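Trainee: How does the following fold in three dimensions:
(3 chains)
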Amino acid sequence: MSWRTELSRAAALAWKDLTAERRTKANFNSVVFLAGMILLLFGFAFGPDANALRAAAAGVLWLTVLFSGVLAFNRSYQLELDGGALEQLLLYPGSRKTIFLGKLAANLAFVLLVEAILVPLAAVLYDLPLAKPFPGLAGVLLLGTFGFVTLGTFYAAMASRVRAREVLLPLLLFPMLVPVVVASVEATSAILAGDPMGDAGAWLRLLVVFDAIFFTASLLAFEHVIDE
Amino acid sequence: MNEMDDLTSSRFSDMPLRQSRWVGILGWAAFLAMVGAQAVGFALSRPERDMGHLQKILYVHVPVAWAMMIAYFMVFVASILYLMRRKERYDLFAAASAEVGVVLTALTLVLGSIWARPTWGVWWTWDPRLTTSAILLVIFAGYLALRSYTEDADRRARWSAAVGILGFLNVIIVYQSVRWWRSIHQVQSSPSTVDPSYALSLRLNAIAVLLVLAYLVARRYHAARLERVAESRMEVAALGEGGAHV
Amino acid sequence: MARQTGPVSTTLGARDGGIAAVAVSDIARRFGRRWALRGVSLHVEPGTIAALVGHNGSGKTTLLRIIATTLRPTRGSGSVFGHDLVRDANRVRDLVAVLGHTPGLYGDLTARENLEFALRMSGRAPTRRDIDAALDRVGLAADANELVRTFSAGMQRRLALARVILRGARLILLDEPYAAFDADGIALVNGFLAEHKAAGGAAIVATHDPVRAAPVVDRFWAIDHGRVTPTEPALLLAAAAGRDPAAAFAATGAIVAGHADPKRAVL
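Mentor: From the prediction side, this is the model:
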């Protein structure tokens, strides 16, 4: 199949996942409420001193994204497992990489939408500046989320199909996320502090490199993982 | 019936039920080398000026950390070979290496902590090598967990190969990112920068630990193949004579 | 008619001189320690319909999944229209459509959206006319814009059948195609199979119920404990007669009368 056909297949898959999500909203709503709850809990853990909260904000924000976003990945494959849809999906001719790209796009849209609610909420709860650092913050959120969702989509393809999926996905995924988390948290806290040392750019470039490595490796390994 | 005979003879007859003599010899060699290396370490090398006898932990700690990396590298290579050639033996070898790697990682962390407490005053520090070892332990514990949860042999082999490859690639990236994040570790200790008597102990220990690694991997690999032989015997029993006559 | 909209009627048949639609030899498949298939060989020629008759757990579904390339055999090999099941899996997928024993539909999409998705995923642009025709054929025209979640089991099976019809595949694999269907649905399946056969396509029907399949099937294979043996329909029907003599009698009548007659499909 030509790459244009493959691209339209990936788009069809992403559209299908997002349409199903849009119709039920069950998953999105619960993930958003869970994320809000985690932000409050971290507030109790670090607060109520406003300075302590602000100092911890970057780390808290990314851990909240991780803990809530991880729930989206298994659900994305659960759609395929209910009623044997995965079997049909694997019957279509064409590259397996396309399935990965479609799932990745849908999960990326999902987690970015959660963040669109989560970040302003964190700004209110933790008294963070949002307007001034917005471009940098949007950049790090995009790059960090891309790395997170790439690995999440890859590992959930396996974890969602074994008995202990709720435990296995974080166990496989979180240690792999260390580089992405370190770079994202450092960049975020630098940007929120107004980037006094001028090192946010270096962390962002590093994130681009991590994303490229993990994306390539996951894309290549995916076909060995998705087949029955 | 012919097919079944072919199957059992061609694929499994080269699989020795009894372990090769060399594995036993390897085991004894590993044991003697380990004892000898410690004897040399305690008898010949002087207590270090600052650390005293504590120094001797490093003779084992450092080689064990090397051996751990070698074990994970073997997982990486065997996993790539499995995905390329789809031969079961690569999968079994990767699994055996990962099991030994996890044990060696745990040993590295424990020895490092015992050494760090009197030397640096803390059990744990956010040093790149220490942190990377801890993450490695989790990654490959996850690898083994995935294997134990996956029942179909073919699927287990493919999935764990993918996880093994990505996990190993991640080691380098974790190490670099933690190093940039924070580094307070002393410069790497290598045999050339220390007193000759220390170097001898370190080298002897390195040889001993490598022998232990080879012995343990060989044993685990053999055990995994024995399980396969048992399964193939059951296969013959299940398929029976003439099982393929249609 | 939906059939004319796909490539089915125009391209099937004549062009594969002597190539079997399905040829598998000595296929075995293990799940953990259980052997689902223990050395299966069979051939299906273009323009014929084969039935695999066996109980639950006899290996029917496993064999269909291997032929559909979604499962690799533990050992043995096979091909579909000359394309190897493992090496040319992608070519095989182009030629095969499956009616699985689970419908494989998305409950939060409408019937029409499910079919559009299936066409897009097989690399074709969905046209409204094709989809309407397929929905009409399976009797779901009025429910085209309803969420599949609200469908009964029988309606979901009909929609899955519409998807198979739309694919226009040369080989069709059907796993328990008569389950959840009323008499009308059974006639629908058999009518479609008869047309598919007449156009030179091939099909394998896996079922525990030879009586339903008898009107369209050319060749019966019994499958039991992962082994397949060619068998005479009369034997299967006699066995079935123990359960439902009237149906067996009707089916035997259908065979004697010429089993390609779709009108006799309603038993």
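Trainee: biggest helix in chain B by residues?
Mentor: helix B:196-239 (DSSP state H).
Trainee: Which secondary structure elements does that helix sit against?
Mentor: helix B:2-12, helix B:21-43, helix B:55-85, helix B:88-120, strand C:34-44 (3 or more CB pairs under 8 Å, 6 or more residues apart in numbering or on different chains; DSSP states H and E). Just so you know, the C-beta spots here come from the backbone N, C-alpha and C atoms, and that holds for glycine as well.
Trainee: Pull the contacting residues for the most centrally placed residue in chain B.
Mentor: Compute the mean C-alpha point of chain B, and by CA atoms, centre = their mean the closest residue is residue B:101, 3.0 Å away. Taking CB atoms under 8 Å, 6 or more residues apart in numbering or on different chains, we find residue B:101 in contact with B:68, B:71, B:72, B:75, B:136, B:140.
Trainee: Contact residues of chain B facing chain A?
Mentor: B:83, B:135, B:138-139, B:141-142, B:145-146, B:149-150, B:155, B:158-159, B:161-163, B:165-167, B:169-170, B:173-174, B:176-178, B:180-181 (CB under 8 Å from any CB of the partner chain).
Trainee: Could you rerun that using 6 Å?
Mentor: B:83, B:135, B:138-139, B:142, B:149, B:158-159, B:162, B:166, B:170, B:173-174, B:177, B:181 (CB under 6 Å from any CB of the partner chain).
Trainee: which residues touch residue 68?
Mentor: Defaulting to chain A. By CB atoms under 6 Å, 6 or more residues apart in numbering or on different chains, the contact list for residue A:68 reads A:31, A:34, A:35.
Trainee: other chain: chain C
Mentor: Residues near residue C:68 by CB under 6 Å, 6+ apart: A:91, C:96, C:98, C:173.
Trainee: Sort out for me which of those are in helices.
Mentor: Per DSSP H, the contacts of residue C:68 map to helices at residue A:91.
Trainee: among the contacts of residue C:68, who's most crowded?
Mentor: Counting neighbours by other CB atoms under 10 Å in any protein chain shown, residue C:173 comes out on top of the contacts of residue C:68 with 27 neighbours.
Trainee: what about the residue positioned nearest the centre of chain A, helix or strand, and which?
Mentor: For chain A, residue A:149 is the residue whose C-alpha lies nearest the centre (CA atoms, centre = their mean; 3.6 Å). Assigned by DSSP states H and E, residue A:149 belongs to helix A:134-159.
Trainee: Could you give the number of residues near residue 57?
Mentor: Let's take chain A. 24.
Trainee: wrong one, chain C
Mentor: Around residue C:57 there are 13 residues (other CB under 10 Å).
Trainee: Show me what from chain A comes close to chain B.
Mentor: Counting by CB under 6 Å from any CB, chain A sits next to chain B at A:158, A:162-164, A:171-172, A:175-176, A:178-179, A:182, A:217, A:221, A:224-225.
Trainee: can you count the residues close to residue A:92?
Mentor: 21.
Trainee: ok so, going back, in the helix or strand that the helix holding residue A:149 is followed by, what counts as buried?
Mentor: Counting by DSSP H and E, the element after helix A:134-159 in chain order, helix or strand, is helix A:165-176. Buried positions in helix A:165-176, judged by neighbour count with 16 or more other CB atoms under 10 Å in any protein chain shown: A:165, A:168, A:169, A:170, A:171, A:172, A:173, A:174, A:175, A:176.
Trainee: Chain C versus the closest residue in space to the fifth one that isn't next to it in sequence, what's the distance?
Mentor: Counting by CB to CB, 6 or more residues apart in numbering or on different chains, the nearest residue to residue A:171 once its immediate chain neighbours are dropped is residue B:142, at 4.6 Å. Distance, residue B:142 to chain C, using CB to the nearest CB, to the nearest Å: 21 Å.
Trainee: wouldn't residue B:142 be in contact with residue A:174 here?
Mentor: No - judged on CB atoms under 6 Å, residue B:142 makes no contact with residue A:174 at a distance of 9.0 Å.
Trainee: what does chain A have sitting close to chain C?
Mentor: Within reach of chain C by CB under 6 Å from any CB, chain A has these residues: A:1, A:5, A:9, A:12, A:16, A:20, A:23-24, A:83-85, A:87-88, A:90-93, A:228.
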